[in-house]
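*Asks:* Build the 3D model from these lines:
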Amino acid sequence: MSNILPTGIELTYLLAASLFILGLKKLGSPATARQGNTIAAVGMLFAVVATLLNQSVLNYQMILIGIIIGSLIGAIVAQKVEMTDMPQMVGLLNGLGGAASALVAVGEFWRLLSMPGAEVPLDATITMILGVLIGGVTLTGSLLAFAKLQGWVKGTPVTFPLQQPFNILLLVGFLAGSAYMIVSPESPPVFLALVGISLLLGALFVLPIGGADMPVVISMLNSFSGLAASAAGFVLMNNMLIIAGALVGASGLILTQIMCKAMNRPLTNVLFGAFGGAITSGDAITGTRSDQVVRSIGSEEGAMMLGYARSVVIIPGYGMAVAQAQHSVRELADQLEKMGVEVRYAIHPVAGRMPGHMNVLLAEANVPYTQLHDMEDINPEFERTDVALVIGANDVVNPAARHDTNSPIYGMPILEVDRARNTIVIKRGMNAGFSGVENELFYKDKTMMLFGSARDVVDQLVSEVKQL
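*Replies:* All right, here's what the predicted structure looks like:
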């Protein structure tokens with residue numbers, strides 16, 4: 001009987017890992033994402049139940065209390081948090097995952113320290129150090145990313161003199177302390193110093209990264225949280241935690257690479273380039289375009305252009321998310337389809353403040369998955385599109401990325417809306433996007449600006465279209 005239980009636990013872990021992999025596969029498509037999330041959740045349920053059957057679990061009462069409290073908080077937060085605040089929630093959850101892993105490492109250190117005469121294995125020391133480093137960086141880095149997205153800390157890059165040398169000095173200090181711990185593992189002051197350095201490194205890691213790069217930061221911190229969990233698995237000798245952490249870490253790294261490719265920028269530039277800081281180019285916010293004419297229209301004229309078009313492509317951006325206009329956009333699309341207009345949506349990989357932000361918002365409004373098109377698929381169609389309707393997007397539709405070698409976004413793949421026969425841009429004003437770069441699309445001959453809050457303007461368009 002004593003051998004049957006551990007074997008059953010390991011087999012359950014194997015089943016859970018299989019469900020995790022299947023769930024991740026289905027998360028790759030909006031059409032199957034909800035099913036994938038459910039499958040992964042069932043896998044996690046199996047993993048938790050199997051872990052609770054482990055004979056080394058000593059206090060089920062405390063575990064039950066923790067499960068109840070955590071479940072209540074999670075359910076309330078899931079119901080209360082707006083979809084526009086989902087990036088902040090993801091960042092916060094990443095940080096909590098890192099904190100849990102770091103606490104496991106700290107707890108294991110004190111457990112071993114409380115065993116007089118016991119020799120601390122080398123592999124245990126190394127995994128504890130890695131758990132503290134990755135978990136601490138993930139915790140404070142995610143909290144700072146949360147604060148930037150929430151507006152508590154300014155989203156522009158924050159730099160100070162000798163910042164990189166100072167970071168390098170901290171890292172060297174951490175490596176030196178780690179070497180000392182390997183030689184003399186029973187040293188609480190050194191271990192606590194390593195904890196403090198890891199927490200400081202996390203904050204300094206995110207501090208110089210601007211708001212334009214938050215999608216990349218979120219996906220990278222998500223990867224860090226997985227790696228931290230995997231390190232905790234090695235500390236606890238738990239195969240399920242190792243596998244689950246490795247899956248999260250690998251998928252986060254892949255997503256980070258996809259985000260960087262979508263912006264045509266190497267990861268080193270994202271992390272250390274202070275992108276979105278002070279703009280000195282001649283095409284900056286106060287640059288040389290003040291003498292150019294911007295064509296502005298009203299909702300009535302915009303509705304006529306949309307209603308009498310044969311094909312319309314809607315390009316959602318963060319402005320749509322802020323105004324919570326996704327339901328109004330769906331209503332507008334429905335009205336246009338009733339009039340025989342072909343309506344599609346163009347999704348840029350880094351539109352919004354987290355990967356897949358626009359997909360999530362449109363899914364909430366029950367937009368059919370078949371109408372959502374990736375950048376590579378929709379770009380060749382713009383030349384045959386009568387009206388491209390840009391709702392709150394900015395940098396991801398800026399034509400300067402194609403030709404202006406002096407622009408910070410030069411080379412970034414964009415949605416080529418300027419190739420459409422007509423373009424309508426819904427925006428509050430002429431302010432630049434996250435990158436701080438002025439959008440030359442606004443000054444194109446075929447571009448018409450429709451100023452106002454996205455939700456109010458789209459509601460007006462719906463009302464006008466119904467009267468056509």
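*Asks:* For residue 311, which non-adjacent residue is closest in space?
*Replies:* Distances taken as C-beta to C-beta, 6 or more residues apart in numbering place residue 342 nearest to residue 311, at 4.5 Å, with adjacent residues excluded. C-betas here are computed from N, CA, C, even on glycine.
*Asks:* er, residue 404 actually
*Replies:* In space, residue 404 is closest to residue 410, 5.7 Å off (C-beta to C-beta, 6+ apart).
*Asks:* in the chain, which helix or strand is least confident?
*Replies:* Lowest on mean pLDDT, DSSP states H and E among the helices and strands of the chain sits helix 267-272, with a mean of 75.
*Asks:* how close does the residue nearest to residue 311 get to residue 320?
*Replies:* 20 Å (C-beta to C-beta, to the nearest Å).
*Asks:* Next: residue 108.
*Replies:* In this structure, residue 108 and residue 320 are 46 Å apart, going by C-beta to C-beta.
*Asks:* neighbour count winner among those two?
*Replies:* Applying other C-beta atoms under 10 Å to residue 108 and residue 320 shows that residue 320 carries more neighbours, namely 29 against 18.
*Asks:* and that one, which of the three is it?
*Replies:* helix (DSSP: H, G, I helix; E, B strand; the rest coil).
*Asks:* pretty sure it is touching residue 361, no?
*Replies:* Yes - using C-beta atoms under 8 Å, residue 320 is in contact with residue 361, at 7.0 Å.
*Asks:* For these two, list the residues in contact with both.
*Replies:* residue 326 (C-beta atoms under 8 Å, 6 or more residues apart in numbering).
*Asks:* just checking, residue 318 touches residue 393?
*Replies:* Yes - at 7.4 Å, residue 318 counts as touching residue 393 under the criterion of C-beta under 8 Å.
*Asks:* ok, the two, which is more surrounded?
*Replies:* residue 393 (29 against 25).
*Asks:* so which strand or helix has residue 423?
*Replies:* Using DSSP states H and E, residue 423 sits within strand 422-427.
*Asks:* Within its sheet, name the partner strands of that strand and how each one runs.
*Replies:* When pairing is defined by DSSP bridges, strand 422-427 lines up against strand 387-391 (parallel), strand 447-451 (parallel).
*Asks:* With just CA atoms, put the first one into CSV.
*Replies:* The one in question is strand 387-391. C-alpha atoms of strand 387-391 as CSV (Å, rounded to 0.1, in the frame of the first residue of the first chain):
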residue,chain,number,x,y,z
VAL,A,387,-12.8,52.0,-45.4
ALA,A,388,-10.3,51.2,-42.6
LEU,A,389,-11.8,52.3,-39.3
VAL,A,390,-9.0,52.8,-36.7
ILE,A,391,-10.4,52.9,-33.1
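*Asks:* which residues touch whichever helix or strand comes after it?
*Replies:* Toward the C-terminus, strand 387-391 is succeeded by helix 400-403 as the next helix or strand (DSSP H and E). Defining contact as C-beta under 8 Å, 6+ apart, one finds that helix 400-403 is touched by 283, 395, 407, 409-414, 416, 437, 439-440.
*Asks:* Those, buried ones only, as a ChimeraX selection?
*Replies:* Buried members of those, defined by 16 or more other C-beta atoms under 10 Å, are picked up in ChimeraX with:
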select :283,395,407,409,412,413,414,416,437,439,440
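*Asks:* of the contacts of helix 400-403, closest to residue 206?
*Replies:* The closest of the contacts of helix 400-403 to residue 206 turns out to be residue 395 (C-beta to C-beta; 20.2 Å).
*Asks:* So that closest one is in contact with residue 409, correct?
*Replies:* Yes - contact criterion C-beta under 8 Å: residue 395 and residue 409 qualify, at 5.9 Å.
*Asks:* hey, what's in contact with both of residue 318 and residue 393?
*Replies:* Residues touching both residue 318 and residue 393 (C-beta under 8 Å, 6+ apart) are residue 351.
*Asks:* For burial, what's the neighbour tally of residue 145?
*Replies:* 29.
*Asks:* Contacts only, for it.
*Replies:* 91, 206, 214, 217-218, 221.
*Asks:* Assign it to helix, strand or coil.
*Replies:* helix.
*Asks:* Which residue is the nearest non-sequential neighbour of it?
*Replies:* residue 91 (4.5 Å).
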